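Colleague: no sequence for this one, just the structure:
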């Protein structure tokens with residue numbers, strides 16, 4: 001039985017560069033050995049052929065929204081159906097994992113019954129197919145030392161958790177913003193240890209453009225992203241990696257010290273994750289971020305006035 005089921009919803013395998021980096025990522029997961037099982041989900045062009053060529057599972061029966069974008073809830077359900085592994089890993093199809101990720105996962109199982117693992121990535125420009133023959137790990141580490149850039153602690157490219165966690169989630173769509181932020185928020189809300197493993201793992205993101213999205217732009221303002229935010233419960237549920245409450249280092253699970261910005265952030269989100277009050281969370285946000293709160297409310301008022309005007313025309 002595999003230890004981890006790795007599942008993802010890749011982009012179409014038609015753009016040459018996207019195809020290369022997705023194959024690189026999947027091959028790096030396969031290189032972790034028999035303890036992992038890989039499942040590709042979706043009906044995107046070239047996916048069935050790629051899954052067959054790489055020798056991994058393919059689940060085209062993932063549920064999608066009206067635009068054909070896979071639903072996270074369906075992906076999680078299919079991952080559980082596809083394997084009996086104790087751990088599930090939802091990951092973006094451009095992320096390269098090294099063997100230290102597997103070591104970290106074993107450590108986590110020995111330290112906690114429930115958890116959500118996430119971390120920062122290192123960005124790297126890769127334009128060619130990679131070789132995963134002997135010495136590939138050292139080659140990747142050297143490339144990171146020479147050309148890598150640590151990504152800020154925003155946006156999450158992977159989530160590792162026991163199969164007993166996150167059994168019911170809203171119908172978010174993959175590849176759009178906000179659903180990953182909700183994963184962190186919900187873990188904190190349910191008092192599941194949210195663990196930043198950046199000090200223990202090297203996770204590599206292969207640079208790419210956004211030509212697969214409308215207008216070739218990042219997904220932050222797409223209608224599907226706005227719907228994800230609505231399903232998440234609103235903008236106050238937009239949590240980031242720095243909102244983790246634990247970190248893993250040297251095989252030990254340690255609570256992140258409540259100092260400086262971390263202390264102020266914990267005070268800010270206390271009404272939401274401990275009192276379960278969105279109204280108080282809005283008030284807290286306004287106190288801590290008055291300018292941003294004003295911009296949000298001005299935008300909401302303008303939107304409502306625009307809708308009223310449209311109804312009268």
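Modeller: Okay, I see it. Quick caveat: nothing in here was measured; it's all calculated off a predicted structure.
Colleague: which helices and strands sit right next to the helix or strand that contains residue 24?
Modeller: For residue 24, the element it lies in under DSSP states H and E is helix 16-30. With contacts defined as 3 or more CB pairs under 8 Å, 6 or more residues apart in numbering; DSSP states H and E, helix 16-30 has these neighbours: strand 36-41, helix 47-54, strand 95-96, strand 204-206. (C-beta placed from N, C-alpha, C; glycine too.)
Colleague: could those go into CSV alongside mean neighbour count, mean pLDDT and distance to residue 162?
Modeller: Output for those, formatted as CSV (neighbours: other CB atoms under 10 Å; pLDDT from 0 to 100; distance: least, CB to CB, whole Å):
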stretch, mean neighbour count, mean pLDDT, distance to residue 162
strand 36-41, 24, 98, 15
helix 47-54, 16, 97, 26
strand 95-96, 26, 98, 20
strand 204-206, 23, 97, 25
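Colleague: Would you mind putting the ones you listed into TSV with distance to residue 26 alongside?
Modeller: Converted to TSV, the helices and strands packed on helix 16-30 look like this (distance: least, CB to CB, whole Å):
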stretch	distance to residue 26
strand 36-41	6
helix 47-54	6
strand 95-96	10
strand 204-206	12
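Colleague: looking at the ones you listed, which is closest to residue 183?
Modeller: strand 95-96 (15.6 Å; CB to CB).
Colleague: And the next helix or strand past that closest one?
Modeller: helix 99-111.
Colleague: Mean confidence (pLDDT) on that next one, please.
Modeller: For helix 99-111, mean pLDDT is 97.
Colleague: so how far is that helix from its chain's centroid?
Modeller: 18 Å (CA atoms, centre = their mean, to the nearest Å).
Colleague: orientation of that helix relative to strand 36-41 in degrees?
Modeller: Using axes from the mean of the first three to the mean of the last three CA atoms, to 10 degrees, the direction of helix 99-111 lies 100 degrees away from that of strand 36-41.
Colleague: and helix 99-111 with helix 16-30, angle?
Modeller: Going by the same axes, to 10 degrees, helix 99-111 makes 50 degrees with helix 16-30.
Colleague: Helix 99-111: which residues count as buried?
Modeller: 101, 102, 104, 105, 107, 108 (16 or more other CB atoms under 10 Å).
Colleague: tell me the contacts of the second one?
Modeller: If I follow you right, that is residue 102. 3, 4, 32, 33, 35, 36 (CB atoms under 8 Å, 6 or more residues apart in numbering).
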